[in-house]
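> build me a structure from this.
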Amino acid sequence: MKTALFAFLWLVTISLNAQSNYGIIGGHLSSEGKAVSGANVVIQKTKLATVTDSTGFFEIKNIAAGKYTLQATYVGSQKIELQVMVGAGKETKVDASFRHISANLNDVVVTGDLQPLDKSKSIASIDVLTVKDFERTPVTNVFDALTYAKGIFCDIDQGLTNPIDVNINGLEGNYTMFTIDGVPAMNNIAGIFALSAFPVSMVDNIQIEKGSNSTVYGSDAVGGVVNISTKDPATAPRLSLNATLYSKLESELGLTATFHLKKVNTLFSVSSDNMNYRWDIDHDGFMDLPLVNRNSIFNKWSFIR
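Model (predicted):
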């Protein structure tokens, strides 16, 4: 009986000592005098975290005594970092205020007359695909990049020569105009372009303007306009490479290099698409994928006057 009582008192003593070695951090967070609800509060280098309630109050319990870095974040505000001391069996009070971040950023698009225009002042709906969009998706050419754009449909009309057209708002490809650096790209077959031969390694951004824009571009742009802006040879990377190998053994390669002289800059790009394996997947005696062996060369010059 005495042994059991002694063991019980010993466990209670250990429990009380363990509890006394821990503390609590609590307080309120505000922004411009108003309580901040839903702010994230984290103690760095630990797994302890919480969020503020509707009154801006937060509390983190069972923190071992010591010195910590408290970090609080809230959307649209600068993060807060504070050094706090946690005492054994004590509560540390923290009251802090967020500082609002003001950012005035305007999206700029390129119109048919090559004049920059604030996106908020543009009447037509314009989407812009940038280099960061190309990096997030496995694309090698302009055709692959446009398949990720909203509101348009890229179509391969037939598998013999792989002609490509782009449908905007349900209209056929002959109602979509393509421009390269603002200059219309003309061809013999209306609306058909070799977009799969245009490597994204030389593209700076792609602007997609939807809707009837024939008043600016003419009757070829009833569906919309796709403008491909190529990189500036003076500021483009020295070397860019995009390579893709598909499961059906089709390979695509886009290589772009820049060369700089005294007053001349040039951008040189090579595109290659090869498909040499004869696939008969359904075993009907006919090829299911076309053979492709295409190489394209692009060149752009920039002269400093």
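> CA only for contacts and neighbour counts going forward, please
Fine.
> next, the buried residues of stretch 41-53.
41-43, 49, 51-53 (16 or more other Cα atoms under 10 Å).
> do stretch 225-244 as well
225-234, 236-237, 241-243.
> cool, stretch 179-189 as well?
179, 181-182.
> repeat that for stretch 59-68.
Going by 16+ other Cα under 10 Å, stretch 59-68 has these buried residues: 59-60, 63-65, 68.
> can you give me the end-to-end span of it?
15 Å (Cα to Cα, to the nearest Å).
> please apply the same query to stretch 137-153.
So stretch 137-153: terminal residues 17 Å apart, Cα to Cα.
> now swap in stretch 211-219 and tell me
End-to-end distance (Cα to Cα), stretch 211-219: 12 Å.
> what about the nearest residue to N276 once chain neighbours are set aside, how many residues nearby?
Leaving aside its sequence neighbours, N276 sits nearest to L291 (Cα to Cα, 6 or more residues apart in numbering; 5.5 Å). Neighbour count of L291, defined by other Cα atoms under 10 Å: 17.
> what do you get for F286?
Residues contacting F286 under the criterion other Cα under 10 Å number 11.
> give me the secondary structure label for it.
coil (DSSP: H, G, I helix; E, B strand; the rest coil).
> pLDDT score for the nearest residue to it once chain neighbours are set aside?
Closest residue in space to F286, ignoring its immediate chain neighbours: D280 at 6.1 Å, by Cα to Cα, 6+ apart. In this prediction, D280 carries a pLDDT score of 86.
> can you report phi and psi for D280?
Backbone dihedrals for D280, given as degrees, to the nearest 10, come out at phi -130, psi 80.
> which residues does it contact?
Applying Cα atoms under 8 Å, 6 or more residues apart in numbering to D280 gives the contacts 286-289.
> quick one: which of the residues you listed is nearest to I80?
In terms of Cα to Cα, no member of those lies closer to I80 than L289, at 57.6 Å.
> element containing that closest one, please.
Remark: L289 resides in no helix or strand, with elements defined by DSSP states H and E.
> picking that back up, possible to save the contacts of D280 as CSV with distance to M202 and pLDDT?
What follows is those, written out as CSV (distance: Cα to Cα, whole Å; pLDDT from 0 to 100):
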residue, distance to M202, pLDDT
F286, 37, 84
M287, 33, 81
D288, 32, 78
L289, 28, 78
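> out of those residues, which are buried?
With burial judged by 16+ other Cα under 10 Å, the buried subset of the contacts of D280 is L289.
> and of the contacts of D280, the nearest to A72?
Nearest member of these to A72, counting by Cα to Cα, is L289, at 55.5 Å.
> so the closest one makes contact with I281?
No. L289 is beyond contact range of I281, at 9.0 Å (criterion: Cα atoms under 8 Å).
> returning to that earlier point: how about the buried residues of stretch 59-68, which pair is most distant?
Farthest pair in these, by Cα to Cα: E59 and A65, 15.5 Å.
> flag the shaky bits of the protein, pLDDT-wise.
1-20, 102-125, 157-163, 187-192, 212-215 (pLDDT under 70).
> thinking again about what came up before, tabulate the contacts of D280 (a markdown table), appending distance to Y175.
Shown next, in a markdown table, are the contacts of D280 (distance: Cα to Cα, whole Å):
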| residue | distance to Y175 |
| --- | --- |
| F286 | 34 |
| M287 | 32 |
| D288 | 30 |
| L289 | 28 |
